[in-house]
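A.B. asks: my questions are about this predicted structure, shown below with the sequence.
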Amino acid sequence: MLRYQHGIYLEGEQLDNEAKNQEFKKGEGNYLKNDFKKDVSKYVCAFLNSGEEGTLYVGVNDSGCVEGTVCPQRLEDKVRLKIDKAIKAIKPSVFPNVYDVKFTPVFYELEVPKADHKVIEMIVHDVGDIERLYESPHGVFLRGDGSIQTLGFTEVQEWSRQKHQKDIQKLQKEIQTHQNEIHGLEERLERLQRQRSIVLHIKRKTITREMGDSVHGIYLEGEQMGSETRNKEFKKGGGDYLRNNLKEHVSKYVCAFLNSEGEGTLYIGVNDLGIVEGIVCPQSLEDKVRLKIENAIKAIKPTVFPKVYDVKFTPVFIDVGVPKQDHKVIEIIVHDVGDIERLYHSPHGVFLRRDGSIQTLADPEMEEWYIQRRQRDIQKHQKEIRGLEERLQRHEDKLEKAKKSKVCVVM
């Protein structure tokens with residue numbers, strides 16, 4: 001499938017045919033209002049159950065020809081919210097890192113846009129070997145070549161029974177095998193290290209991606225910050241926001257960023273369209289605001305240490321050299337804490353970050369999170385074992401070469 005380097009589609013561009021991993025919808029008329037949510041639910045469910053990545057393209061006809069669907073920028077957040085709601089209705093829970101949404105503009109030709117026309121791409125990542133079938137409000141689906149299959153109750157039950165028995169037996173056997181292998185590998189590695197005096201140095205590089213840092217330490221009024229994403233949340237912060245809403249929002253969004261992947265920033269003084277306005281916060285109030293932020297974060301459990309977050313008060317200028325009096329953009333930056341062992345809880349609930357919104361987790365969803373967490377631990381454990389085996393084999397090869405060299409010297 002061809003995608004232009006400029007991040008656009010051209011009207012009439014021919015994509016591949018529909019296949020197991022891609023579905024086309026023309027998206028004409030009132031499609032986004034009437035049929036879109038149902039199609040998202042069905043096709044996301046089918047892709048998840050089919051064991052590989054898949055994409056639903058809206059704005060591409062059945063022949064694979066790009067036309068675009070009418071979706072002006074002001075509607076993108078509503079469409080994204082409709083997608084989130086459709087996916088939240090799928091059980092078991094589908095977490096935000098499983099899918100992505102893209103709004104790609106359609107052009108007649110380079111630099112000649114087709115007004116408000118987009119190709120909406122709903123990308124579902126490969127979730128690997130699933131433990132049970134995903135179910136949408138419209139049924140249980142599997143993806144075939146260019147179509148979806150609806151599974152009946154008997155088919156679902158039989159699939160689940162066989163899968164459950166097979167996975168339990170496999171998991172029990174693998175755990176015992178890996179425990180034995182780890183013990184043996186530890187002993188063999190220790191002997192090799194003594195014999196060969198091997199010192200292993202492992203260096204880890206941490207890559208920190210800059211998120212929305214302002215140029216020259218200021219923001220310009222009207223500056224465009226882009227759209228809200230999984231890593232960025234905007235709050236206009238007008239009126240008595242700092243007094244009435246700041247503490248609750250800090251608690252919720254910091255909790256959501258901590259429970260999600262990557263770094264995240266809450267920007268106060270930027271409206272929902274990503275345009276910088278600033279919030280009134282004279283320097284005399286900065287310490288009070290900082291204290292309110294710290295108190296909100298202290299209420300989150302488990303404890304969030306100061307190194308995990310930063311707070312910035314960045315001045316807003318009407319123009320370079322012309323400040324907007326007492327107006328700031330307050331940035332609460334939550335650093336990536338890596339792979340967390342347990343969910344963070346705020347006084348207002350447990351939250352996850354989605355594209356442009358947060359999700360409140362109920363008890364069944366938290367239970368599902370911990371199940372998936374345990375599965376990831378097992379997979380990580382298996383990967384570490386494979387790495388140890390490879391390292392061990394390299395050490396044994398070197399040792400064998402050293403022994404042969406000694407024999408040659410003696411002779």
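C.D. replies: Ah, there it is.
A.B. asks: quick one: average pLDDT of the helix or strand where residue 295 lies?
C.D. replies: Using DSSP states H and E, residue 295 sits within helix 283-298. Taken as a whole, helix 283-298 has a mean pLDDT of 95.
A.B. asks: in that helix, which residues are buried?
C.D. replies: By neighbour count on 16 or more other CB atoms under 10 Å, the buried set for helix 283-298 is 289, 292, 293, 296, 297. The way it works is simple: take the backbone N, C-alpha and C, and place the C-beta from them, glycine included.
A.B. asks: report the two of these separated the most.
C.D. replies: Farthest-apart pair in these is 289 and 297; separation 12.9 Å (CB to CB).
A.B. asks: state the helix or strand in which residue 56 lies.
C.D. replies: strand 54-58.
A.B. asks: after that strand, which helix or strand is next?
C.D. replies: Once strand 54-58 ends, the next helix or strand along the chain (criterion: DSSP H and E) is strand 69-70.
A.B. asks: how far off centre is that following strand?
C.D. replies: Remark: strand 69-70 is offset 26 Å from the chain centroid, using CA atoms, centre = their mean, to the nearest Å.
A.B. asks: immediately after that strand, which helix or strand?
C.D. replies: helix 73-88.
A.B. asks: got a list of contacts for that following helix?
C.D. replies: 32, 36-38, 40-41, 44, 71, 94, 99, 101, 103, 120, 122, 227-228, 272-273, 354-357, 359 (CB atoms under 8 Å, 6 or more residues apart in numbering).
A.B. asks: swap the cut-off to 7 Å and go again
C.D. replies: With contact meaning CB atoms under 7 Å, 6 or more residues apart in numbering, helix 73-88 is reached by 32, 36-37, 40-41, 44, 71, 94, 99, 101, 103, 120, 122, 354-357, 359.
A.B. asks: same question for stretch 231-245.
C.D. replies: The contact list for stretch 231-245, computed with CB under 7 Å, 6+ apart, reads 211-212, 225, 228, 249, 253, 262-272, 274, 277, 279, 281, 289.
A.B. asks: mind checking which of those residues land in strands?
C.D. replies: 264, 265, 266, 267, 268, 279 (DSSP state E).
A.B. asks: just list the residues touching the fourth one, thanks.
C.D. replies: It stands for residue 267. Counting by CB under 7 Å, 6+ apart, residue 267 makes contact with 212, 225, 232, 233, 234, 235, 329, 331.
A.B. asks: in strands, which of those fall?
C.D. replies: Those of the contacts of residue 267 lying in strands (DSSP E): 232, 233, 234, 235, 329, 331.
A.B. asks: quick one: low-confidence parts of this protein?
C.D. replies: Scanning the chain for pLDDT under 70 picks out 1-6, 192-216, 405-411.
A.B. asks: okay, now the domains of the chain?
C.D. replies: Domain assignment of the chain by automatic domain parsing yields the ranges 9-151, 215-366.
A.B. asks: now the ones you listed in TSV, with distance to residue 174?
C.D. replies: Formatted as TSV, those follow (distance: least, CB to CB, whole Å):
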stretch	distance to residue 174
domain 9-151	12
domain 215-366	21
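A.B. asks: out of those, flag the one nearest residue 180.
C.D. replies: domain 9-151 (23.2 Å).
A.B. asks: ends of the closest one, what's the gap?
C.D. replies: End-to-end distance of domain 9-151 (CA to CA, to the nearest Å): 35 Å.
A.B. asks: what separates the longest helix anywhere in the chain from the chain centre, distance-wise?
C.D. replies: Counting by DSSP state H, the longest helix found in the chain is helix 363-410. Counting by CA atoms, centre = their mean, helix 363-410 is centred 27 Å from the centre of its parent chain.
A.B. asks: now it and helix 73-88, what's the angle there?
C.D. replies: In terms of direction (axes from the mean of the first three to the mean of the last three CA atoms, to 10 degrees), helix 363-410 departs from helix 73-88 by 80 degrees.
A.B. asks: closest to the centroid, which residue in this protein?
C.D. replies: Nearest to the mean C-alpha position of the chain, by CA atoms, centre = their mean, lies residue 97 at 3.1 Å.
A.B. asks: residues in contact with it?
C.D. replies: residue 261.
A.B. asks: am I right that it is in a helix?
C.D. replies: Yes - judged by DSSP: H, G, I helix; E, B strand; the rest coil, residue 97 forms part of a helix.
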